[in-house]
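Peer 1: With the input below, show me the fold.
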Amino acid sequence: MTIACGDFRATSRMSRRCLLRAGTAGLAGLALPSLLRAAANPGARAPAKHILFLHQFGGPSHLDTFDMKPDAPDGIRGEFSPIATNQPDLRVSEHLPRFATVVDRFAQIRSVHHKMRNHNSATYYSLTGHAPLLDDIRLRDTQELYPAYGSTVARLAPSDDPAIPSFMAFPHVMRDGSVTPGQHASFLGKAYDPFFIGQDPNRKNFRLPELTLPDKLSLDRLDDRRGLQRLIDSQTDLMSWSETAQGIDAFYDRALTMLASPRVKRAFDLSEEPDRLRDEYGRTTYGQSCLLARRLLEAGVRFVSVYFSPTIGGPKGGWDTHGDNFNQLKNKLLPMTDQTVPTLIRDMAARGLLDETLIVWMGEFGRTPRVTNTKQFGPNGRDHWPNCYTVLMAGGGITPGAIHGASDRIGAYPAIDAVTPDDVAATMFWALGIDPATEVRDTLGRPLPIAAGQPITSIFS
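Peer 2: The predicted structure follows:
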């Protein structure tokens, strides 16, 4: 749910009695053993307090970034040369020179694989850790699909301060024809939707008008109005409300709490940052979004998702490089990544925030080992390749420089220690101290584990 969405502005009213029913219904959504296990699992290790999820829509080429194959045959190894990094025997693309100086802070998972070849189905898998039943480009959001990672975290391990959102996402809604599923709370209910920020943090006048009261309306007066609304609701003695109405009402209460929090409003004021640092992050939507993410994590937000682009490719799109792969990478995608992500890592480390924040950098799949030449997309492209690709993690208890798994000699398939997005999901929950086997209930009351995989504990210290 966005802060400024239509549902929020047309908030339905709900009685105090219904509010109580909504509270108990929320607990009923978890089986009691699972609730206790999620809240206080003695075997769970919690090196991280926050997660920053950097999703690279479109699918980055692993062979042209972090898992290069310079000895592969012509037509596979590509046009880029590897360069040395500050980690012995580790190479990255020549177009990631700044990344080469911080790559030793990352763990690399080089053997991620699955079977989803379409963007909407593969991205849903990467946003939830659960594969859809069908690999269909027409996959749409429904209540039967799983919630976003951040929604699950908001349900099981919310932020300590009620004025601080547990899950925030920005600056894009991802679409491939239709809105890509997996960006919302689904069957967990609208109360666990992200606070979505649709404005561009790189705009000169970036602000959140939703967190600014009209000049003639004080917070006390607004609170009085809310109290009057509840009094009227209590007199109507409504017997039941839909889950949507309950979630919207809870969302409205949280928004009022945020209005009263100087800490939240200050986190959105990027003008507090030195111009030099803002320049280092990059005066791009992605660069300033990552800077905003750092400020929100400092304020106490538990889970932040930053989406690289709203679409899979094109001038304002992401990593879908079916044609002209190498020019797209070296002229736009890699320079932007090389400026922003290393700056983020150094900035968070300098502030002591990296140790308590798990940063996850991933797309929905990799790109084909063989360079393609098609009539539709043109020469020098790479197509979708879910059979093997790389995911990066940093901070949050990660062993710096760790590498899990490996691809074969041409980067086509895992050679050892293959993992799936299910395991990546389990790793994130485990890092926050949430048992991946914890069950939630869908709209039919069926108990479902939040992650079907196993945490990749070998990359943690």
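Peer 1: all helices for this structure, in order.
Peer 2: Along the chain, the segments classed as helices by DSSP state H run 6-9, 16-28, 32-39, 119-128, 149-156, 219-236, 243-259, 262-267, 275-281, 285-299, 325-328, 334-350, 421-431.
Peer 1: In terms of mean pLDDT, which of these ranks lowest?
Peer 2: Considering the helices of the chain one by one, the lowest average pLDDT is found for helix 6-9, at a mean of 29.
Peer 1: Point out where the chain drops to low pLDDT.
Peer 2: 1-46, 209-260 (pLDDT under 70).
Peer 1: Pull out the buried positions in stretch 128-141.
Peer 2: The neighbour-count check on stretch 128-141 (16 or more other Cβ atoms under 10 Å) flags 128-132, 135, 139, 141 as buried. (Glycine included, C-beta is placed from N, CA and C.)
Peer 1: any idea how far that stretch is from the chain center?
Peer 2: For stretch 128-141, the distance between its averaged C-alpha position and the chain's averaged C-alpha position is 17 Å (Cα atoms, centre = their mean, to the nearest Å).
Peer 1: what sits up against that stretch?
Peer 2: By Cβ atoms under 8 Å, 6 or more residues apart in numbering, the surrounding residues in contact with stretch 128-141 are 114-122, 124-125, 145-149, 176-179, 181-184, 186, 421-422, 424-426, 428, 450-453.
Peer 1: do that again at 7 Å, thanks
Peer 2: When contacts are defined by Cβ atoms under 7 Å, 6 or more residues apart in numbering, stretch 128-141 is touched by residues 114-121, 124-125, 146-149, 176-179, 181-182, 184, 421-422, 424-425, 451-453.
Peer 1: do the same with stretch 344-352
Peer 2: Contacts of stretch 344-352 from elsewhere in the structure, counted by Cβ under 7 Å, 6+ apart, are 102, 105, 290, 294, 354, 357, 394-395.
Peer 1: Could you tell me which residues make contact with Pro165?
Peer 2: Counting by Cβ under 7 Å, 6+ apart, the residues that Pro165 touches are 159, 195, 301.
Peer 1: mind listing which of those residues are in strands?
Peer 2: Phe195 (DSSP state E).
Peer 1: Only the buried residues of stretch 324-333, if you could.
Peer 2: Buried residues in stretch 324-333 (16+ other Cβ under 10 Å): 325-326, 328-330, 333.
Peer 1: So which of those residues is the closest to Arg110?
Peer 2: Using Cβ to Cβ, the shortest approach to Arg110 within the buried residues of stretch 324-333 belongs to Leu329, at 18.7 Å.
Peer 1: Quick one: residues contacting the closest residue to that closest one other than its chain neighbours.
Peer 2: In space, Leu329 comes closest to Asp64 once its chain neighbours are excluded; the distance is 5.7 Å by Cβ to Cβ, 6 or more residues apart in numbering. The contact partners of Asp64, taken as Cβ under 7 Å, 6+ apart, are 78, 80, 93, 329.
Peer 1: Which of these ranks first by neighbour count?
Peer 2: Leu329 (26 neighbours; other Cβ atoms under 10 Å).
Peer 1: what about that one, distance to Tyr413?
Peer 2: Remark: distance between Leu329 and Tyr413 (Cβ to Cβ, to the nearest Å) = 23 Å.
Peer 1: of all the contacts of stretch 344-352, which comes closest to Ser166?
Peer 2: Using Cβ to Cβ, Thr357 is the member of the contacts of stretch 344-352 that sits closest to Ser166, with 14.6 Å.
Peer 1: so who does that closest one touch?
Peer 2: Contacts of Thr357 were listed using Cβ under 7 Å, 6+ apart, and they are 48, 50-52, 297, 348, 395-396.
Peer 1: Which residue is the nearest non-sequential neighbour of it?
Peer 2: Spatial nearest neighbour of Thr357, chain neighbours left out: His50 (4.4 Å); criterion: Cβ to Cβ, 6+ apart.
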